[in-house]
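> here is the input, now give the coordinates:
(2 chains)
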Amino acid sequence: MNRREFLQCAAIMVSGLTASQLGIALTEEQRVYLASAPNYNTTDVDYLSEEQRQILAAMCEVIIPKSDSPGAIDAGVPHFIELMAADWFSDEERGIFDAGMADIEQRIPQEYGNRFDLLPPSDQLEILEALEEDASDHPWYEFGNVQRDFISDAPFICQLKELTIWGFFTSERGSKEALRYNPMPMTFDGNIPLGPNDSSWAGGF
Amino acid sequence: MANIIDTTNYDFDAIVVGSGISGGWAAKELTEKGLNVLVLDRGKPLEHSVDYTGEHAPDWKFPFQGKKPRELYKEEYPIQSRVSHSFNEANRHFWNNDKDNPYVNDPDKPFMWARADVVGGRSLLWGRQTYRFSEQDFKANATDGHGIPWPVEYDDIAPWYSYVEKFIGVNGRNEGLPQLPDGEFQKPMPWYALEETIGERLKKKMPNVTLTNGRAAILTEDLPGRSACHYCGPCPRGCSTGSYFSSQSSTLPAAKATGRMTVVANALVDRLEHDPETGKISAVHVIDTQTRERRSYSARVFFLCASTVATTQVLMNSTSAVFPNGLANSNGVLGKYMMDHPLGTMNLGVFLDDMDSYYSGRRPTGLYIPRFRNVGEQDQDADFLRGYGYQTFVARLDWSARFNSKGFGSKLKNDLRKPGQWLWALAYFSECLPSESNQMKLSNKVDRFGIPQVAFDFTWGKNELAIRADAEKQADSIMKAAGAVLSLPASEGMSMPGEGIHEMGTARMGDDPNQAVLNKYNQAHDVANLFVTDGSFMTSSSCVNPSLTYMAFTARAVDYAVKQLAEGHI
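Next comes the predicted model:
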């Protein structure tokens, strides 16, 4: 069992939810020599408007902000999510995502007087916390519920959080600067000191 | 040897069908003994190292940064993608496409048939756990009357175990246990601090339980042409340093070095041709999976090593006037007495020990708890026959187990980037009794080449259910003795038959030709020049992983076959 499966399996054993199985096929271009393949996040995509891109970027950055290590924008997470929305979502998932984006685009200026990305951080946080509060009973939040591909009916905020966190910790900068990355350790030592601020290893496959 | 075997009238001295764990060994041993050998594999050609296209790829090079391409898996790999420990985009090209290569899967009695589709077969994808059967394992059928007695004792096979272990490279620790014989091991891999802690507690509180290194065919010391493990972690992507044993890294190169091996990929074996005049196999008929061209090859001796199900499918499809029910099946047992190991994660323990201890490098194997029930004598409190062992794993939770957390911002990010609790998991692997009713057959449906599709009729018996119940109870005791602060119980139910990927026993060996397809040298009772050395020959299953046993019997069978050839008996 690989490490990611194991860790997720560890969590699923107490929840018992099953995986959803929707999505799209790989293109020929994606079946290339992976280790020498381009960074997935460099792929072109034209799914969102420029305005939506600004809003999405701001929302991602609220979830994973820049601190002493890179944030979601530094790691290319907004572009990753646009790619996933265009190429990976099922129709149902894409419908929830589109409606969620439209809601933020239209409702926030009415309620707060400005576009999401132009609001002060406290307002941005308040908006996302309200979305999370409304969604908090959804099974997406259940303990251990991580051993599945995706939950197709998960609310917009859950889509956003899942893809932001996934996109960040599997990105090059997230892996190397927020986590620790070493694909060729050469030795195994099962007992080295862990400092209070030390992070996990990246690369779960 | 060349002067002993007259090859004038044959294309090759020997033909090996399959290039995986056992086929690779047959090819190595036959060529090293001087025979010209043809190796056939239905899978695509694969070049060691060059075609390990996912090796060492970081997350961000993967399509969707590693989120599964769900629709593709559902449509084309619904069975193979269930092998969650090793199937992913890094190695999907090693695997069988289910849509193109169907079998009949009864939804009421599902059977999971995991298949590779490349030269090297499942030796590229296996879990690399490498254990010897014990004396008790070889005597089990004779003792309790299930199945037929093994025609081989531990002492017959022990030298062959040693021979194989030294070549493939197995790391492990000798423990002096009769139920898990020691072997020829390279130095063991180090333990996590938590494993040391658990080991000390178990010694005191459950002295009948031994915690030892998982014995794995992964190098900790260099061998010729292969390097010690570099601890990158995901072995089933292929290993260009040959650190883990596969036929691609080890046996096929050895065979190739003799200059006497020919490998033909994309060669699907349709059937073997039996010559009623000589009583022997005269040729193998193949279909090129790319061009659909049909060809045949002749040889003096044939080794079927295509994997249990595929080998038995070939035999069943090779009917003739002499063998209307399938080749070498005059007694009608072909396809019956099928086995697989039930398995499952029994218990997960959360630990608060060693929180300030971490690790460096990814150790590609866990620790092992050998069978401790019904060892020697039947335990008074055991309502089942035979036994089980636990493969154990340590992990420290990271962000991927917690991405559904509530909250936002720096606190969320900081929580997710730090290691969480230590976990220790116990996964049981249980023996499966040989039962006549568990079997595979040919169906009326045919595949794209017109070959009848395989169908399965397989269910777990009472003994397998009783073992699982005991494994669950004992796992809870072990977890408590180990000091888990929280012990999470098993997922419910039995594994799906086939999910152990240890299918075996459909052409079992035995001394009695009325009850066994093969004799004690893996030679068909009915056909002198036919040998079967993949899992088909297994007469009982033990509870340990079987690949080492396939390799040892293969080497022994080749030794016998070549002597028989030299003496003119074949």
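
> in chain A, which spans are strands?
Counting by DSSP state E, chain A has strands at residues A:189-193.

> which residues in it form helices?
Taking DSSP state H to define them, one finds helices in chain A at A:3-12, A:50-63, A:77-87, A:91-112, A:121-135, A:156-169, A:172-173.

> which one of those is the most hemmed in?
Highest mean neighbour count among the helices of chain A (mean count of other CB atoms under 10 Å in any protein chain shown): helix A:156-169, with a mean of 25. For glycine as for every other residue, the C-beta is placed from the backbone atoms N, C-alpha and C.

> before we move on, the earlier item: same list, the helices of chain A, but as a markdown table with mean pLDDT and distance to chain B please.
Output for the helices of chain A, formatted as a markdown table (pLDDT from 0 to 100; distance: least, CB to the nearest CB, whole Å):
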| stretch | mean pLDDT | distance to chain B |
| --- | --- | --- |
| helix A:3-12 | 47 | 4 |
| helix A:50-63 | 98 | 6 |
| helix A:77-87 | 97 | 6 |
| helix A:91-112 | 98 | 10 |
| helix A:121-135 | 98 | 6 |
| helix A:156-169 | 98 | 4 |
| helix A:172-173 | 96 | 5 |
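
> let me know the helix or strand that B:Phe302 is in.
Taking DSSP states H and E as the definition, B:Phe302 sits inside strand B:294-304.

> for chain A, see how far away B:Ile79 is.
13 Å (CB to the nearest CB, to the nearest Å).

> quick one: that residue and B:Pro102 touch, right?
No: judged on CB atoms under 8 Å, B:Ile79 makes no contact with B:Pro102 at a distance of 9.3 Å.

> ok, back up a step: past the strand holding B:Phe302, which element shows up next along the chain?
Next along from strand B:294-304, by DSSP H and E: helix B:308-317.

> quick one, grab the pLDDT at A:Ile151.
In this model, A:Ile151 is scored at 96, pLDDT.

> so what's it closest to, chain neighbours aside?
Leaving out its chain neighbours, the residue that sits closest to A:Ile151 by CB to CB, 6 or more residues apart in numbering or on different chains is A:Trp140, at 5.4 Å.

> before we move on, what about B:Asn141?
Leaving aside its chain neighbours, B:Asn141 sits nearest to B:Gly147 (4.2 Å; criterion: CB to CB, 6+ apart).

> any idea how many residues pack against that neighbour?
A total of 24 residues lie near B:Gly147 under the criterion other CB atoms under 10 Å in any protein chain shown.

> backbone dihedrals for it, please?
B:Gly147 adopts backbone torsions of phi 70, psi -170, taken as degrees, to the nearest 10.

> from B:Arg386, how far off is it?
Noted for B:Gly147: a distance of 11 Å to B:Arg386, by CB to CB, to the nearest Å.

> what sits in contact with each of these two?
Jointly contacting B:Gly147 and B:Arg386 under the rule CB atoms under 8 Å, 6 or more residues apart in numbering or on different chains are B:Leu433.

> then the helix or strand harbouring B:Phe393 to PDB, C-alphas only?
Here B:Phe393, judged by DSSP H and E, is contained in strand B:388-396. In PDB, the C-alpha atoms belonging to strand B:388-396 read as follows (Å, rounded to 0.1, in the frame of the first residue of the first chain):
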ATOM      1  CA  TYR B 388      -2.600 -16.400   9.700                       C
ATOM      2  CA  GLY B 389       0.100 -13.700  10.000                       C
ATOM      3  CA  TYR B 390       0.000  -9.900  10.200                       C
ATOM      4  CA  GLN B 391       1.900  -7.600   7.900                       C
ATOM      5  CA  THR B 392       2.300  -4.400   9.900                       C
ATOM      6  CA  PHE B 393       2.900  -0.800   8.800                       C
ATOM      7  CA  VAL B 394       3.900   2.400  10.600                       C
ATOM      8  CA  ALA B 395       2.900   5.800   9.300                       C
ATOM      9  CA  ARG B 396       2.700   9.300  10.500                       C
END
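
> where does chain B have low pLDDT?
Chain B contains residues with pLDDT under 70 at B:1-8.

> how about it: which residue is closest to chain A?
B:Arg70 (3.2 Å; CB to the nearest CB).

> what about that residue, how many residues close to it?
22.

> that one is in contact with A:Asp149, isn't it?
Yes: using CB under 8 Å, B:Arg70 is in contact with A:Asp149, at 5.2 Å.

> for the helices of chain A, which one sits closest to B:Asp275?
Distance to B:Asp275, taken as CB to CB, is lowest for helix A:3-12 among the helices of chain A, at 49.9 Å.

> which residues touch B:Tyr131?
B:Tyr131 makes contacts with B:180, B:215, B:368, B:544-545, B:548, as judged by CB under 8 Å, 6+ apart.

> one more pass at 6 Å, please.
Shown in contact with B:Tyr131 (CB atoms under 6 Å, 6 or more residues apart in numbering or on different chains): B:215, B:544-545.

> find the nearest non-adjacent residue to B:Asp288, please.
The shortest distance from B:Asp288 to any non-neighbouring residue, by CB to CB, 6+ apart, is to B:Asn266 (5.6 Å).

> can you map out the helices along chain B?
With DSSP H, the ranges of helices along chain B come out as B:21-32, B:70-76, B:135-144, B:154-168, B:193-205, B:252-257, B:308-317, B:409-417, B:462-482, B:547-566.

> most packed of those helices?
Buried most deeply of the helices of chain B, by mean count of other CB under 10 Å, is helix B:21-32, with a mean of 30.

> what angle sits between it and helix B:154-168?
80 degrees (axes from the mean of the first three to the mean of the last three CA atoms, to 10 degrees).
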